[in-house]
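K.L.:
Turn this into a model:
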Amino acid sequence: MIPSLLRSNIRFKLVVSLLLIVVVMGTLSLIVGIRIINKNVIREATDSVRNSLGATTELYDEEVQKRSRIVEYLAKTAEIVRATADRDRPFLFAKLAQIKAEFGFDIVNVVNPDGSILVRANNFDAWGDNVANYRYIQWVMRNKKPAAGTGILGQENIRKEGKDLAERTIIHVVRTPLARAHESPTLNEALVMKAASPIFENGEMIGILYAAILLNNNDQFIDRFKRLVFKEERIDGREVGASTLFLGDIRVTTNVVDTQGRRAIGTQVSEEVYKKVYEEGQTWVGQAFVVASWYISGYCPLRDIDGRILGMLYVGVLKEKFDAALRNTTLLFLLVIVVTVLIALPLSLFLINATTKPVQRIIAATTDIARGDYHPIVVLPHDDDDARKIAAGFNAMVMAIEERDRKIQDQAERTILKSEKLASLGRLASGIAHEINNPLTGVLTFSSLLLGDLAGTKYEEDVKVIRDETLRCRKIVRGILDFARENEPQKSAADLNEVIGETLAIFEKNVTFHNVEIVRDFARDLPPVQLDISQFKQVISNLAVNAVDAMPKGGRLTLTTALDRAAGRVEVRAADTGVGIPPENMSRLFEPFFTTKDRGKGTGLGLAVVYGIIKRHNGTIDVRSKTGEGTEFTIRLPLV
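P.N.:
Residues are numbered from 1 along each chain as shown. Next comes the predicted model:
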């Protein structure tokens with residue numbers, strides 16, 4: 001059914017074509033749109049994460065500076081200075097415990113100028129050990145200025161601060177795909193945020209106030225960053241944003257969760273990111289599978305006061321957030337396409353129906369024309385300009401067809417009449433010729449005998465006239481018989497160029513052709529043609545003789561052959577540069593006994609014989625002529 005509609009119903013094809021365009025363009029728009037949106041979403045997500053990483057880094061640095069200012073301020077308070085100068089450990093112990101609780105430090109110590117511990121807020125009894133190897137203590141001792149930043153504490157030092165801190169420090173390493181292998185199953189070091197400030201009395205450093213925040217398992221610390229940067233945004237119950245602090249490549253504090261919903265403490269970063277950030281010190285931003293979900297992630301190195309990389313700071317946004325936006329956009333695009341198609345269908349039906357009405361009228365009119373009923377299309381008042389132009393063009397075509405048919409019919413009638421006339425003349429001439437031929441033979445015989453008897457007398461010339469005129473009459477009779485004779489051509493495959501060439505070769509030696517240039521313009525690709533060679537040579541001979549007679553002062557005779565493969569025929573053209581044929585004589589050229597030559601120079605049967613031969617070869621002969629310029633005969637013969 002559908003193939004039939006596609007073949008016959010233009011409206012159906014137009015509707016389908018229009019809908020196909022809508023669907024194809026909609027689909028292309030969807031594909032291109034999704035790609036563009038996806039690209040923009042990923043770029044936006046990457047920029048967002050990059051900004052979040054920058055914001056989190058600033059928050060971390062601000063926290064470091066805030067802790068540094070607190071420690072620096074406390075180191076200048078009179079009671080701390082006095083108690084340190086007096087080495088009043090009980091007072092300092094109480095004061096440091098108060099500072100620890102009030103400002104949220106995990107470790108608060110006073111260190112002697114030589115680097116030994118004067119008092120610990122977490123352990124009054126643990127004192128006197130030397131911490132001069134701490135980088136921040138070294139920096140303050142060397143520069144006599146406050147210092148703050150990120151550092152590492154070993155398990156032994158932390159154990160002196162208290163058992164609870166030591167237990168908080170220990171992190172069990174979780175083997176993670178694509179991560180580095182670890183020899184030890186546990187991490188016994190702590191990532192800490194440190195601040196140290198010198199304690200001066202009368203311009204002399206009498207001690208150092210040292211405070212630190214233990215970052216291992218410090219949920220409150222990392223969650224504060226997440227809240228400040230990502231608020232409380234959630235997708236399907238999961239928090240969109242996440243933050244993490246790494247010691248080396250191990251998560252020591254994070255709000256990224258594993259498949260069980262627990263914080264992914266102890267999991268590792270991929271080796272690719274580790275090399276880029278930890279070993280090369282570069283920032284890394286991109287898509288990454290983090291523990292249990294895909295994130296748009298950002299990592300940057302964490303350095304100590306000497307610039308050494310200790311770990312990494314991480315922020316990430318669930319990729320699902322951006323995937324959801326992409327899905328929603330895709331669904332919106334699909335909805336737009338569906339709605340467009342639903343609107344386009346009835347609209348296209350209406351428009352196409354209105355547009356194709358003139359076409360339907362043309363189809364109906366062409367059907368009538370095929371049946372022979374010629375009539376113009378009626379232009380309706382509501383037809384648009386294009387419909388009017390189509391109708392005008394169609395009506396002009398109908399009129400042209402009618403005129404052409406009329407001319408063809410007139411020409412056919414003339415051709416039939418001419419053929420019948422020629423046939424009648426041929427039959428009449430043949431009968432007359434047979435009747436005249438016998439008396440002429442007698443006259444010719446006796447005039448020839450009489451000429452012999454009267455040779456040398458005054459009657460000799462009169463008898464010669466009788467004989468010559470009798471010979472001319474016999475020639476006319478033979479021409480009539482040739483014209484009337486309808487012998488079937490004895491055809492055989494012949495090289496048309498060779499046949500014409502052989503005929504012309506005879507004339508080139510004739511004295512009447514001495515001032516005529518014969519030009520051969522033969523096509524080289526002519527296939528063999530079925531010809532009666534003898535009859536066709538007669539055709540060429542008659543045309544050549546007529547051409548020479550038309551050029552009394554000399555000229556050029558051009559014989560051309562050509563192949564018309566599309567029409568399946570060959571063409572022979574004989575063109576002269578003679579006096580031409582007057583227009584009033586063109587319609588009578590092939591009539592028997594019609595001649596334009598002087599009296600006694602032609603019988604008027606040459607072209608009639610040519611016409612008969614060509615017709616018996618199933619060919620056609622046409623003539624074009626212009627007075628004073630020449631004449632061209634064109635013969636067309638079928639290949640088969």
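K.L.:
Could you chop this protein up by domain?
P.N.:
53-327, 374-485, 489-638 (automatic domain parsing).
K.L.:
Make a markdown table from those domains and add distance to residue 26 and mean pLDDT to it.
P.N.:
Just so you know, the C-beta spots here come from the backbone N, C-alpha and C atoms, and that holds for glycine as well. Converted to a markdown table, the domains of the chain look like this (distance: least, C-beta to C-beta, whole Å; pLDDT from 0 to 100):
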| stretch | distance to residue 26 | mean pLDDT |
| --- | --- | --- |
| domain 53-327 | 18 | 91 |
| domain 374-485 | 28 | 70 |
| domain 489-638 | 46 | 84 |
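K.L.:
how about TSV for the ones you listed, with distance to residue 36 and mean neighbour count added?
P.N.:
Compiled in TSV, the domains of the chain are given as follows (distance: least, C-beta to C-beta, whole Å; neighbours: other C-beta atoms under 10 Å):
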stretch	distance to residue 36	mean neighbour count
domain 53-327	11	18
domain 374-485	38	14
domain 489-638	53	17
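K.L.:
could you dump these to JSON lines with distance to residue 337?
P.N.:
Converted to JSON lines, the domains of the chain look like this (distance: least, C-beta to C-beta, whole Å):
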{"stretch": "domain 53-327", "distance to residue 337": "16"}
{"stretch": "domain 374-485", "distance to residue 337": "31"}
{"stretch": "domain 489-638", "distance to residue 337": "49"}
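K.L.:
quick one: the most far-flung residue of the chain relative to its centre and residue 463, what's the gap?
P.N.:
Residue farthest from the centre of the chain, counting by C-alpha atoms, centre = their mean, is residue 457 at 103.0 Å. Computed as C-beta to C-beta, to the nearest Å, the residue 457 to residue 463 distance reads 9 Å.
K.L.:
again, but for residue 344
P.N.:
104 Å.
K.L.:
Distance check, residue 125 against residue 87.
P.N.:
Distance from residue 125 to residue 87, by C-beta to C-beta: 16 Å.
K.L.:
about what we covered before: could you give the secondary structure assignment for the residue farthest from the centre of the chain?
P.N.:
The three-state label given to residue 457 by DSSP: H, G, I helix; E, B strand; the rest coil is coil.
K.L.:
With residue 466 as the reference, measure out to it.
P.N.:
For residue 457, the distance to residue 466 - C-beta to C-beta - is 14 Å.
K.L.:
For the spatially closest residue to residue 316 that is not a sequence neighbour, pull up the helix or strand it's in.
P.N.:
Among residues not flanking residue 316 along the chain, residue 295 sits closest, at 3.5 Å (C-beta to C-beta, 6 or more residues apart in numbering). For residue 295, the host element (DSSP states H and E) is strand 293-303.
K.L.:
Name the next helix or strand downstream of that strand, please.
P.N.:
By DSSP H and E, the next helix or strand past strand 293-303 is strand 309-318.
K.L.:
And the strand holding residue 295, what does it pack against?
P.N.:
helix 10-75, strand 147-153, strand 241-247, strand 284-290, strand 309-318, helix 319-370 (3 or more C-beta pairs under 8 Å, 6 or more residues apart in numbering; DSSP states H and E).
K.L.:
how about those in CSV, adding distance to residue 389?
P.N.:
Below are the helices and strands packed on strand 293-303 laid out as CSV (distance: least, C-beta to C-beta, whole Å):
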stretch, distance to residue 389
helix 10-75, 18
strand 147-153, 84
strand 241-247, 67
strand 284-290, 61
strand 309-318, 63
helix 319-370, 10
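K.L.:
tell me the centre residue of the chain?
P.N.:
For the chain, by C-alpha atoms, centre = their mean, the most central residue is residue 28; offset 12.6 Å.
K.L.:
What does the pLDDT read for it?
P.N.:
Turning to residue 28, the model gives it a pLDDT of 80.
K.L.:
Compute the distance between it and residue 53, please.
P.N.:
The spacing between residue 28 and residue 53, counted by C-beta to C-beta, is 37 Å.
K.L.:
Tell me if residue 123 really is in a strand.
P.N.:
No: with the criterion set as three-state DSSP, the secondary structure at residue 123 is coil rather than a strand.
K.L.:
Surely it touches residue 159?
P.N.:
No: assessed by C-beta atoms under 8 Å, residue 123 is found out of contact with residue 159, at 9.5 Å.
K.L.:
excluding its backbone neighbours, what's nearest residue 188?
P.N.:
Spatial nearest neighbour of residue 188, chain neighbours left out: residue 155 (4.1 Å); criterion: C-beta to C-beta, 6+ apart.
K.L.:
who's in contact with that neighbour?
P.N.:
Shown in contact with residue 155 (C-beta atoms under 8 Å, 6 or more residues apart in numbering): 166, 169, 170, 188, 189, 190.
K.L.:
what's the most distant pair in those residues?
P.N.:
166 and 189 (11.5 Å; C-beta to C-beta).
K.L.:
what are the ranges of the helices in the stretch 51-200 of the chain?
P.N.:
According to DSSP state H, counting those that start in this stretch, the stretch 51-200 of the chain carries its helices in the segments 78-86, 89-103, 135-143, 155-161, 163-169.
K.L.:
Please name whichever of those helices is nearest to residue 208.
P.N.:
helix 135-143 (5.3 Å).
K.L.:
That closest one: how far from the chain's middle?
P.N.:
69 Å (C-alpha atoms, centre = their mean, to the nearest Å).
K.L.:
same deal with stretch 52-65?
P.N.:
On C-alpha atoms, centre = their mean, the centre of stretch 52-65 falls 51 Å from the chain's centre.
K.L.:
and that stretch, C-alpha only, in CSV?
P.N.:
Listed next in CSV are the C-alpha coordinates belonging to stretch 52-65 (Å, rounded to 0.1, in the frame of the first residue of the first chain):
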residue,chain,number,x,y,z
SER,A,52,34.9,25.3,44.8
LEU,A,53,38.5,24.0,45.1
GLY,A,54,39.7,27.5,45.1
ALA,A,55,37.1,28.5,47.7
THR,A,56,38.0,25.5,49.9
THR,A,57,41.7,26.3,49.7
GLU,A,58,41.0,29.8,50.7
LEU,A,59,38.9,28.6,53.7
TYR,A,60,41.7,26.2,54.7
ASP,A,61,44.3,29.0,54.5
GLU,A,62,42.0,31.4,56.4
GLU,A,63,41.6,28.8,59.1
VAL,A,64,45.4,28.5,59.3
GLN,A,65,45.7,32.2,59.5
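K.L.:
who touches that stretch?
P.N.:
Looking at what lies outside stretch 52-65 - C-beta under 8 Å, 6+ apart - the contacts are 148-150, 193, 195, 225, 228-230, 241, 243, 283, 285, 298-300, 313, 315, 317.
K.L.:
For the residue nearest to residue 248 when sequence neighbours are not counted, give me its contacts.
P.N.:
Once flanking residues are discounted, residue 248 sits nearest to residue 311: 6.0 Å by C-beta to C-beta, 6+ apart. Contacts for residue 311 were tallied using C-beta under 8 Å, 6+ apart; they are 150, 191, 245, 246, 247, 248, 252, 278, 301, 302.
K.L.:
Wait, residue 296 touches residue 46, no?
P.N.:
Yes: assessed by C-beta under 8 Å, residue 296 is found in contact with residue 46 at 6.3 Å.
K.L.:
Wait, a helix at residue 232?
P.N.:
No: applying three-state DSSP, one finds residue 232 to be coil, outside a helix.
K.L.:
How much space separates the closest residue to it other than its chain neighbours from residue 316?
P.N.:
With C-beta to C-beta, 6+ apart as the criterion, residue 232 has its nearest non-adjacent residue at 7.6 Å, and that residue is residue 239. In this view, residue 239 and residue 316 are 11 Å apart by C-beta to C-beta.
K.L.:
So which residues of the stretch 351-500 of the chain form helices?
P.N.:
Counting by DSSP H, counting those that start in this stretch, the helices of the stretch 351-500 of the chain are 385-453, 460-484, 496-508.
K.L.:
Contacts for the last one next, please.
P.N.:
Contacting residues not belonging to helix 496-508 are listed as 513, 518, 520, 522-523, 526, 529, 531, 533, 536-537, 540-541, 544, 548, 559, 561, 570, 572, 637 [C-beta under 8 Å, 6+ apart].
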